[in-house]
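Student: Below is the structure, and that's it, no one-letter string:
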């Protein structure tokens, strides 16, 4: 069971309630919610916000691939996964990504959640531009997309 979405911050926000509703099922004994939020300092610079951009179709495809690979690499077949990532401008403390997972057992949920966020950081074409207190801004260096399966 998988839900993926790119959330346009001009129209809506990422809501944890949506994730909770999606993964809630009595067959699962463990649920984990990972929230990535905009923090106030990065590389000793005071951050005032972040703008995210993405190649939406490729991002959704990468989310689906990561979910499917979990079957083979982690042997976690029975799971619910909810992934949403923001696109647009976010202020301090706002949610940029949510990954909610539900599995039968807690160790599966922890492993799956960590696997998903690490693979997204490596593989999904999402870019972020930090905005600083002095009104400067900079696109952050990301990871090049690697076509090899990790």
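Tutor: Thanks, I have it. In this text the structure is predicted, and so the values were computed from the model without any measurement.

Student: Do I have it right that residue 42 meets residue 130?
Tutor: Yes: the pair residue 42 and residue 130 qualifies as a contact (CB atoms under 8 Å) at a distance of 6.2 Å. Yep, even glycine has a C-beta here, placed from its N, CA and C like the rest.

Student: Compare these two and say which one has the larger neighbour count.
Tutor: residue 130 (19 against 15; other CB atoms under 10 Å).

Student: Quick check: the more buried one touching residue 140?
Tutor: Yes: the criterion here is CB under 8 Å, and residue 130 meets it with residue 140 at 6.1 Å.

Student: the longest strand in this structure is where?
Tutor: strand 79-91 (DSSP state E).

Student: and that strand, how far out from the chain's middle?
Tutor: Offset of strand 79-91 from its chain centre (CA atoms, centre = their mean, to the nearest Å): 5 Å.

Student: Which strands and helices lie in contact with it?
Tutor: Applying 3 or more CB pairs under 8 Å, 6 or more residues apart in numbering; DSSP states H and E, one finds that strand 79-91 contacts strand 2-8, helix 16-23, strand 45-54, helix 56-73, strand 95-103, helix 106-123.

Student: Please work out which of these is packed deepest.
Tutor: strand 95-103 (a mean of 24; mean count of other CB atoms under 10 Å).

Student: Report the mean per-residue pLDDT for that strand.
Tutor: Confidence over strand 95-103 (mean pLDDT, whole number) is 97.
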